[in-house]
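In: structural data only, the sequence is not supplied:
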């Protein structure tokens, strides 16, 4: 009986780890402070920072050491969803003239406390997902 109980406990506590996806989709905040005062998220092997000013958003992309990466795509896309909204809204972030960040207008984001924003980061041929689930409390 004790062997079966121990086996059951082992399976219960280790199976969520086996199901975890380590391929570019992280719900956790990064541990470092965001360089531009925004929200920093891990998007392995990168980090992404979302900076909001009203409904205007800037997205910075860094390597693991928080060094800016070359933004080699003119635009990237994401999905924005507010609570009680059944459909996601497609948003396009365009590279700034300086090449330092991507920018987008996220209509209504400044008027809500919670939203979910998933952005597909494209660096070279690599694509990873940056996940911003945010409580935007003023």
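Out: Received it, and whenever you're ready, just let me know what you need. This structure is a prediction, so every number in the text was calculated from the model and none was measured.
In: so where is the protein shaky, pLDDT-wise?
Out: 1-30, 135-138 (pLDDT under 70).
In: and the strands in it?
Out: 25-26, 39-43, 46-53, 56-62, 75-81, 89-95, 102-105, 114-123, 126-135 (DSSP state E).
In: for residue 32, find the nearest of the ones you listed.
Out: Closest approach to residue 32 among the strands of the chain is made by strand 39-43 (6.4 Å; CB to CB). Any C-beta I mention is one placed from the backbone N, CA and C, and that applies to glycine too.
In: starting at the chain centroid, how far to the closest one?
Out: 6 Å (CA atoms, centre = their mean, to the nearest Å).
In: got the angle between that strand and strand 46-53?
Out: 150 degrees (axes from the mean of the first three to the mean of the last three CA atoms, to 10 degrees).
In: packing partners of strand 39-43?
Out: Secondary-structure packing of strand 39-43 (3 or more CB pairs under 8 Å, 6 or more residues apart in numbering; DSSP states H and E): strand 25-26, strand 46-53, strand 126-135.
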